[in-house]
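In: Any chance you can model this:
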Amino acid sequence: MKIYVTAKANKKKRYVEQIDGSSYVVSVKEPAVQGKANQAVTQALAEYFDVPKSQILLVLGQTSKLKIFEVPDHLACFEPSLKQRSLWQ
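Out: Predicted coordinates for the structure are as follows:
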């Protein structure tokens, strides 16, 4: 399944917020330099969905704030637990 991510790099707070069914905002502390923010966004999504980082694939948007990621299909109806929500907000 594809998810659409608005990435916010170089921020003080790290979080993942679901906007609607397949749209997310991901904020990371790393700067958008040499792929560091992309790696951090991928790691944040992996932790949020509780899957290995290798299952989160950046498909489009390597140099853009707007990104498309491919995630495992079983996450299509993913509802994070209260613990996961509080971890990322």
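In: All the strands of the chain, residue numbers only.
Out: Ranges of strands in the chain, per DSSP state E, are 2-8, 15-20, 23-27, 57-60, 66-70.
In: Need the contact partners of the fourth one.
Out: Residues from elsewhere that reach strand 57-60, judged by Cβ atoms under 8 Å, 6 or more residues apart in numbering: Lys2, Asn38, Val41, Thr42, Lys67, Ile68, Phe69, Glu70, Val71. Any C-beta I mention is one placed from the backbone N, CA and C, and that applies to glycine too.
In: Could you give me the ChimeraX syntax to select whichever of those residues are buried?
Out: The buried residues among the contacts of strand 57-60 can be selected in ChimeraX (16 or more other Cβ atoms under 10 Å) with this line:
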select :38,41,42,67,69,71
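In: any low-confidence regions in this structure?
Out: 75-89 (pLDDT under 70).
In: And the lengthiest helix in it, what does it pack against?
Out: Ranked by number of residues, the top helix in the chain under DSSP state H is helix 36-49. For helix 36-49, the packing partners by 3 or more Cβ pairs under 8 Å, 6 or more residues apart in numbering; DSSP states H and E come out as strand 2-8, strand 15-20, strand 23-27, strand 57-60, strand 66-70, helix 82-88.
In: Between strand 2-8 and the fifth one, find me the angle.
Out: Relative orientation of strand 66-70 with respect to strand 2-8: 140 degrees, computed using axes from the mean of the first three to the mean of the last three Cα atoms, to 10 degrees.
In: strands paired with strand 66-70, and their directions?
Out: According to DSSP bridges, strand 66-70 forms sheet pairs with strand 2-8 (antiparallel), strand 57-60 (antiparallel).
In: Now render these as a markdown table, adding distance to Pro31.
Out: Formatted as a markdown table, the strands paired with strand 66-70 follow (distance: least, Cβ to Cβ, whole Å):
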| stretch | distance to Pro31 |
| --- | --- |
| strand 2-8 | 11 |
| strand 57-60 | 17 |
